[in-house]
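# Sequence and predicted structure are below.
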Amino acid sequence: MTKNIEQIRDFYGVLLGTVETLPNGDKIVRNFPHQMILGYYRRASNTTTDFYGRKLGDGDFAVSLIYKNTDKK
């Protein structure tokens, strides 16, 4: 099975980060350009966590981690 990597861009087309979807449905969220892991979505528990494993909420809002990270600039 292949993994799916979705690029997240802003209004101007600037790459902000990526969301990698694993075969089991889990997601890994990374920023750009450093490719540091920002957080995870775990399909089995339907939860999104940050890099440290702290639960941020129920459901899949992995992309919001990228936008939250860009607000810090």
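Received it, and whenever you're ready, just let me know what you need.
# Where does the prediction get shaky in the protein?
Where the chain drops to pLDDT under 70, the residues are 1-2, 70-73.
# middle-most residue in it, spatially?
With distances taken as CA atoms, centre = their mean, residue 29 lies nearest the centre of the chain, 2.4 Å away.
# for that residue, phi and psi?
phi -110, psi 130 (degrees, to the nearest 10).
# so who does it touch?
Neighbouring residues of residue 29 by CB atoms under 8 Å, 6 or more residues apart in numbering: 17-20, 37-41, 62-63, 65-66. For glycine as for every other residue, the C-beta is placed from the backbone atoms N, C-alpha and C.
# Equivalent analysis for residue 15, please.
Counting by CB under 8 Å, 6+ apart, residue 15 makes contact with 7, 8, 9, 32, 33.
# now the helices: where do they sit in the chain?
Secondary structure of the chain by DSSP state H: the helices cover 62-70.
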